[in-house]
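Peer 1: Give the three-dimensional model of this entry:
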Amino acid sequence: TCALPICFPVTIITIMSPLYYRGFRLFMLRNLFGSLGVGLTYVASTWMAANQHQEVFHVTLIMLAFWMPMAILGPVAGVLVDRYNRRYLLAFSILIRLLSLLSFGVIIETGHYHFAYLFILNVINGTMFSLIMPANGRMIRELVPRSMLLKANASADMVFETGNMTGMALAGLIIGLTSYATTYYINATLFVFAGLSILLIRDNDFLGEVHLSESSYRFRDIGHEYKQSLSYLYHKPQLFWISMVQMLVFLIFVATPALLAPFAKTVLNASVMQFGLIEMSASIGLVAGCFCLAHLVKRWGETAILSLLLLIALASFSAFMLNRTILGAEIIYGIMGFSIASWALSFTQSQNLTHVGYQGRIQSTFASLSSLLAMIIFMGIALVSLVLNNIVWLYLVEIALVFIAFLCLWQYKTVSKNHSELPSR
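Peer 2: So this is what the prediction gives:
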């Protein structure tokens, strides 16, 4: 046991140790520029939809436009990630997002804005995200040694959330001082730097678990390749159950902001600034959770810490339903954000159980399922806001998701124990 002043610098060195590798440093640089852009896009798009149309329905449509492509195209994206060069796939997705942001900025500046263009922009962003998400997970495995996976995933989450939080904070300032068009131009510029960072990664930077694809490949083989991954998953129950935990935590993470906005407005009577502070407290909590993750796991073990984080999430969502003060909301949301660090832990466990050649397809399968469920939740939010005008009880959905994640984790522990007790041949 060490004192906090001693543990703190040791923890910093531990969590940042994957940055020793050049390829991972460039990957993190691209992650930072990309997350700044994501934060700018999120605030600019949702604020424009809310201000221009002043209906929860339009904001919900924007969210559906983003998540719908992942629900539909996820399996295809997973096959592409497992088959082709991840570096070039990421560069391609960044280029498409860059061009779409520039085009939308021009549309706004020339006075031709229509909600349909905003919807199309989010469809394009969602389509590219369906490729980016599995490509990120696969590249991390290839850029760091297996022993550093948890630290690398936690570091990536910390940088992404820090960039996303900064981007969201800057978005309001940029929109207020300039215009929506300028915000999208700045966003496109950030993606230029993100693309350059990913292209600077060299072949000899890939030192982790690299799986080379066959040189010849036919597009019609996608269905066959995806069926192979489902068969692989079927024969690995440990992987299935921990991936279910990862999926549910991710779903909780993406649904939380959608629930917070109407809750803060109608229940807490919060101002825009207070809403931003509550959102920021969750981001700070998540960064803190990822920062402490490697140290906690080393001391108490992966499954114990994952159980603890889920328990914290269950308690914080329950408390948030009952809270009616701004300060209480900020504190509880910070604790809630801390618990979401369980995603990096569950994702690392699923990586360790997955052959690198199936990484993209397995991750995309659960990302598609979580996107489908997220769309159902978003539609539920719109329905409740239009019919019942009571957002409080929707937090029961979050509580139910955490409870189901507990059950999946329990099943994972049971399957793991039975697997370890099998006689060796």
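Peer 1: Tell me how far Asn204 lies from Tyr21.
Peer 2: Summarising the geometry, the distance separating Asn204 from Tyr21, computed by C-beta to C-beta, to the nearest Å, is 11 Å. C-beta here means a position set from N, CA and C on the backbone, and glycine is covered the same way.
Peer 1: Looking at these two, which is more packed in?
Peer 2: Legend: neighbour count by other C-beta atoms under 10 Å for Asn204 and Tyr21, higher for Tyr21 (19 against 8).
Peer 1: buried residues in the longest helix along the chain?
Peer 2: Secondary structure of the chain per DSSP state H: the longest helix is helix 22-53. The neighbour-count check on helix 22-53 (16 or more other C-beta atoms under 10 Å) flags 23-49 as buried.
Peer 1: average pLDDT for it?
Peer 2: Rounded to a whole number, the mean pLDDT of helix 22-53 is 85.
Peer 1: Give me the distance from that helix to the chain's centre.
Peer 2: Helix 22-53 has its average C-alpha position 12 Å from the chain's average C-alpha position, going by C-alpha atoms, centre = their mean, to the nearest Å.
Peer 1: Same question for stretch 20-38.
Peer 2: Its chain's C-alpha centre and that of stretch 20-38 lie 15 Å apart, by C-alpha atoms, centre = their mean.
Peer 1: Residues in contact with it: which ones?
Peer 2: When contacts are taken as C-beta atoms under 8 Å, 6 or more residues apart in numbering, the neighbours of stretch 20-38 outside the stretch itself are 18-19, 90, 94, 97, 101, 132, 136, 139-140, 143-144, 152, 155-156, 159-164, 166-167, 170, 187, 190-191, 193-195, 197-198, 200-202, 205-207.
Peer 1: Just those residues: which are in helices?
Peer 2: Judged by DSSP H, helices contain the following of the contacts of stretch 20-38: 90, 94, 97, 101, 132, 136, 139-140, 143, 152, 155-156, 159-164, 166-167, 170, 187, 190-191, 193-195, 197-198.
Peer 1: if I look at the spatially most central residue of the chain, how far off is Leu99?
Peer 2: For the chain, the residue nearest the mean C-alpha position is Phe250 (6.4 Å; C-alpha atoms, centre = their mean). From Phe250 over to Leu99 the distance is 28 Å, taken as C-beta to C-beta.
Peer 1: Against which helices or strands is the host helix or strand of Phe92 packed?
Peer 2: Under DSSP states H and E, the secondary-structure element containing Phe92 is helix 86-109. In terms of contact count using 3 or more C-beta pairs under 8 Å, 6 or more residues apart in numbering; DSSP states H and E, helix 86-109 is assigned the packing partners helix 22-53, helix 115-143, helix 180-199.
Peer 1: at 6 Å instead, please
Peer 2: The contact analysis (3 or more C-beta pairs under 6 Å, 6 or more residues apart in numbering; DSSP states H and E) places helix 86-109 against helix 115-143, helix 180-199.
Peer 1: buried set for the last one?
Peer 2: Read it as helix 180-199. Going through helix 180-199 with 16+ other C-beta under 10 Å, the ones that come out buried are 180-181, 183-188, 190-191, 193-195, 197-198.
Peer 1: Let me know the closest of those to Gly276.
Peer 2: For the buried residues of helix 180-199, the minimum distance to Gly276 (C-beta to C-beta) is 16.0 Å, reached by Thr183.
Peer 1: That concludes my questions; thank you for your assistance.
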